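# Next come a sequence and a model predicted from it.
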Amino acid sequence: LTPIYRTSALLKVEQKSQSVIGAESVSTVLGQGYLSSAEVVLMKSHRVLSAAIDELKLGYSITPRYMKYIGAAIASRYQGEGLAEPLFGLEEYAWGGEVLEMDYFRLHGALEEHSTAWKLVAGENQQYSLQNASGEQVLTGRVGESAAADYRGSRIELSVNTLLARPGQIFSINRPSTIASAESLQGKLQVAPEGGSGYRDSGIIRLSMEGPDPRKITDVVNAVARNYVQKNIEDQSKEAEQTLEFIEGQLPDLKAKLDEAQRNLQQSRQGVETVDIEFETQNALTQFTEYGKEISELELKKEDLRRRFTESNPEVEVITRQIERIKVKRREIEKRLQAVPEREWEFIQKTRDVELATNLYEILLNKAQELRIAKAGMVGNVQIIDKAGLRPWPVKPDKSRIRQMGLVIGLLLGFAWLYVRHLLH
């Protein structure tokens, strides 16, 4: 039985207290469990797995051309340096020591979504040619240099860093489709929140994998963890950049509204020395202005979220409910303020407009500065706690259990044989 090994890594998902504009995040509203569940799905996404596959060059397999039946076995026993001498003068076959290593082998276009087979033929002076399965030449290149060609509406990019083979020797290259490679790895990885029923508070996620090659599964788990952390940083940086662009696009309009509000207030003061406002009215105006400020902030946050999510998104729904609650309170105060004299009410409205425009403009200026600083030092909210380690002991099969079962079966067979002999006599 083939020994099966297991390795795992631990990642910590930090709960975001605020989104990039400052809205209450969905993880705060729904709990850490929502965040952990989302991270589990994202960690096994094609985007993350494809990046790990490219890093480890798992998207293709290379096999030298061996003589049928005996070639592979003979080549596997070769321990010398350089190339083994060909048997029977058959130089077109690999007999040991042949090496083909590539920095990358990329397909862009329709070919990327299909499983394909290729042949790389070694040439003179470190040159080579790439052929399709039918032997049609697709491109030529030299070791250590990048090669590219257009083929059947797709783009092929290839870079060979090591080629040790006699001229004319062929290497078979099998390349599954991008989706097939990702789904194959997806089925082998196990991703789950750690801590049983308490994972909602921990945010710990375990990434594990089993396989016959302990070094390979260790490399795969660590590559997936690294790429997930990197994608998390890239996503948050992109989100901050998009939000910064949104804010910077709003600033000119807000500045124009602020200037207009200040001009209107200045015009209303012309010819009037002072406007006496009662203490109770002043308090109501202050509260009314604060509510307006809160509504403006929440509307801005909602607009930012709507650029990325639909109206049914939990974060959008939470902010919508908050806006409605504040608007109800604001309308109650507005009814009280409307009872003041006309000149006083006009002054109140224009003063309120200036204060709201000033507050919102300053908020966006500060937030833009915060986002510029955040972009410069973006670290993401996911970190690797424990990397996957190389474990030399297998988890399957359980040899002690097999021995116990063998002993029990042996005893049963022995008793059965004695019983049969008894019956025959």
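Looks like it arrived, so ask away. Residues are numbered from 1 along each chain as shown.
# neighbours around residue 93, how many?
21 (other C-beta atoms under 10 Å). All C-beta atoms are positioned from the backbone trio N, CA, C, and that covers glycine.
# Look up phi and psi at it.
phi -100, psi 160 (degrees, to the nearest 10).
# show me what contacts residue 208?
6, 7, 8, 9, 189, 190, 191, 221 (C-beta atoms under 8 Å, 6 or more residues apart in numbering).
# Give the pairing partners of the strand or helix carrying it; include direction for each.
If you go by DSSP states H and E, residue 208 is part of strand 204-211. The strands that strand 204-211 pairs with in its sheet are strand 5-13 (antiparallel), strand 189-193 (antiparallel) (by DSSP bridges).
# now those as TSV including mean pLDDT, distance to residue 183 and mean neighbour count?
Listed next are these as TSV, based on pLDDT from 0 to 100; distance: least, C-beta to C-beta, whole Å; neighbours: other C-beta atoms under 10 Å:
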stretch	mean pLDDT	distance to residue 183	mean neighbour count
strand 5-13	92	21	20
strand 189-193	89	11	17
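# Count the neighbours of the residue lying closest to residue 52 once chain neighbours are set aside for me.
Spatially, and ignoring its direct neighbours in sequence, residue 52 is nearest to residue 223 (4.0 Å; C-beta to C-beta, 6 or more residues apart in numbering). As a burial measure, residue 223 scores 21 neighbours (other C-beta under 10 Å).
# Please apply the same query to residue 421.
For residue 421, using other C-beta under 10 Å, the count is 9.
# pretty sure it is in a helix, no?
Yes. Assessed by DSSP: H, G, I helix; E, B strand; the rest coil, residue 421 belongs to a helix.
# could you measure it against residue 157, distance?
73 Å (C-beta to C-beta, to the nearest Å).
# Can you give me the neighbour number for the nearest residue to residue 154 once chain neighbours are set aside?
Closest residue to residue 154 apart from its sequence neighbours, by C-beta to C-beta, 6+ apart: residue 109 at 3.2 Å. Using other C-beta under 10 Å, residue 109 has 13 neighbouring residues.
# What of the one 5 residues further on?
Taking other C-beta under 10 Å as the neighbour definition, residue 114 ends up with a count of 14.
# any idea of the pLDDT on it?
On the pLDDT scale, residue 114 is placed at 90.
# lowest-pLDDT helix or strand in the protein?
helix 26-30 (a mean of 40; mean pLDDT, DSSP states H and E).
# tell me which element residue 159 falls in.
Going by DSSP H and E, residue 159 is in strand 154-164.
# need the contact list for residue 135.
Residue 135 touches residue 119, counting by C-beta under 8 Å, 6+ apart.
# Need the three-state assignment for it.
Residue 135 - assigned by three-state DSSP - is coil.
# Ok, residue 58 next?
Once three-state DSSP is applied, residue 58 turns out coil.
# was I right about it contacting residue 180?
No. Contact criterion C-beta atoms under 8 Å: residue 58 and residue 180 do not qualify, at 11.7 Å.
# What pairs with whatever helix or strand residue 131 lives in, parallel or antiparallel?
Assessed by DSSP H and E, residue 131 sits inside strand 127-132. Paired strands of strand 127-132, with direction, are strand 116-122 (antiparallel), strand 137-142 (antiparallel) (DSSP bridges).
# Comparing the ones you listed, which stretch has the densest surroundings?
Stretch with highest mean neighbour count among the strands paired with strand 127-132: strand 116-122 (a mean of 19; mean count of other C-beta atoms under 10 Å).
# List the contacts of stretch 66-80.
64, 84, 87, 90, 93, 94, 95, 96, 97, 98.
# quick one: contacts for the first one?
Okay, so that is residue 64. So residue 64 contacts 75, 94, 98, 100, 165, 169, 170, 171, 172 (C-beta under 8 Å, 6+ apart).
# what sits against the closest residue in space to it that isn't next to it in sequence?
Taking C-beta to C-beta, 6+ apart, and ignoring the residues beside it in sequence, residue 64 has residue 94 as its nearest neighbour in space, at 3.5 Å. When contacts are counted by C-beta under 8 Å, 6+ apart, residue 94 touches 64, 65, 66, 71, 75, 165, 169.
# same thing with residue 361?
251, 254, 255, 258.
# Also residue 173?
Counting by C-beta under 8 Å, 6+ apart, the residues that residue 173 touches are 60, 61, 62, 105, 117, 118, 119, 120.
# Need the nearest residue in space to the last one, chain neighbours excluded.
In this structure, residue 120 finds its nearest non-sequential neighbour in residue 171, 4.5 Å apart by C-beta to C-beta, 6+ apart.
# Check whether the one you found really touches residue 100, as I assumed.
Yes. Contact criterion C-beta under 8 Å: residue 171 and residue 100 qualify, at 4.7 Å.
# which residues do these two both contact?
62, 64, 120, 165.
# Which of those residues lies at the shortest distance from residue 309?
residue 62 (44.2 Å; C-beta to C-beta).
# How much space separates the closest one from residue 322?
58 Å.
# Specify the angle between the helix or strand hosting residue 267 and strand 189-193 in degrees.
For residue 267, the host element (DSSP H and E) is helix 214-269. Here helix 214-269 runs at an angle of 50 degrees relative to strand 189-193 (axes from the mean of the first three to the mean of the last three C-alpha atoms, to 10 degrees).
# name the helices or strands packed onto helix 214-269?
For helix 214-269, the elements it packs on are strand 5-13, helix 32-43, helix 46-56, strand 189-193, strand 204-211, helix 279-306, helix 342-376, strand 382-386, judged by 3 or more C-beta pairs under 8 Å, 6 or more residues apart in numbering; DSSP states H and E.
# To residue 130, which of those lies closest?
helix 46-56 (18.8 Å).
# And the next helix or strand past that closest one?
Next element after helix 46-56 (DSSP H and E): strand 61-64.
# out of the strands paired with strand 127-132, nearest to residue 391?
Of all the strands paired with strand 127-132, strand 116-122 sits nearest to residue 391, with 35.1 Å by C-beta to C-beta.
# which residues make contact with that closest one from outside it?
In contact with strand 116-122 (C-beta under 8 Å, 6+ apart) are residues 100, 107, 128-133, 135, 138, 160, 163, 165-175.
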